[in-house]
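J.: coords please:
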Amino acid sequence: MSTGLQTIKDTSAAECVGQSRINREMRFAMMRASDIEQVAAIEADAFPFPWTRGNFLDSLASAYPAWVMRSHDGRLAGYFLLMNAVDELHILNITVRPDLQGTGLGRMLLNKITELAREAGMKSVLLEVRPSNQRALHVYLHVGFEQIGIRKNYYPAGASAREDAIVMRLLLSD
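T.: Below is the predicted model of the structure:
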């Protein structure tokens, strides 16, 4: 199945050095209700059809695993929310702050997710992504996710339009 993946520009050596510095400064913590205002602000900045503050609070109330990633100065850089389903971990939401996208932080979030999945004995990680989200598709393919299906008309796309979702899975080795 074709994803229509576009070529992403190569990163210069100077950008890689900067990315390495940024990546070393990041810290993970469990998401708390007190994080929701910042999380919702980033979500609104990152997506045309963002999750609501209520969606995040409901996820926390349901005890879904939820994590934030912060820089050394405490600024929120990214987050993810997960759902355990038998032996599969489902990524409900994964977001890097827009001004930090393209710096390797998405891969850091995915690495943390796969670490948590392995610790929980999961066999795979599942996610949905918009075909129009080329940057995310590139990252997912790079870390080993494979397309396993399409969910028709899954995402809102404005003016009563809908966009399909590409369903992807990462199989975890023992």
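J.: and the end-to-end length of stretch 120-140?
T.: End-to-end distance of stretch 120-140 (CA to CA, to the nearest Å): 21 Å.
J.: Show me the shaky parts of the protein.
T.: By pLDDT under 70, the low-scoring segments of the chain are 1-24, 174.
J.: That one: strands as residue ranges?
T.: Applying DSSP state E to the chain gives strands spanning 27-30, 66-70, 76-85, 88-96, 124-129, 146-158, 161-171.
J.: Please convert these to a markdown table, extending it with mean neighbour count and distance to residue 139.
T.: For the C-beta atoms, the positions are set from N, CA and C on the backbone; glycine is no exception. As requested, the strands of the chain are arranged in a markdown table below (neighbours: other CB atoms under 10 Å; distance: least, CB to CB, whole Å):
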| stretch | mean neighbour count | distance to residue 139 |
| --- | --- | --- |
| strand 27-30 | 12 | 18 |
| strand 66-70 | 20 | 15 |
| strand 76-85 | 20 | 12 |
| strand 88-96 | 20 | 9 |
| strand 124-129 | 20 | 10 |
| strand 146-158 | 13 | 14 |
| strand 161-171 | 17 | 11 |
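J.: and of the ones you listed, who's closest to residue 52?
T.: Closest to residue 52 of the strands of the chain is strand 88-96 (CB to CB; 11.6 Å).
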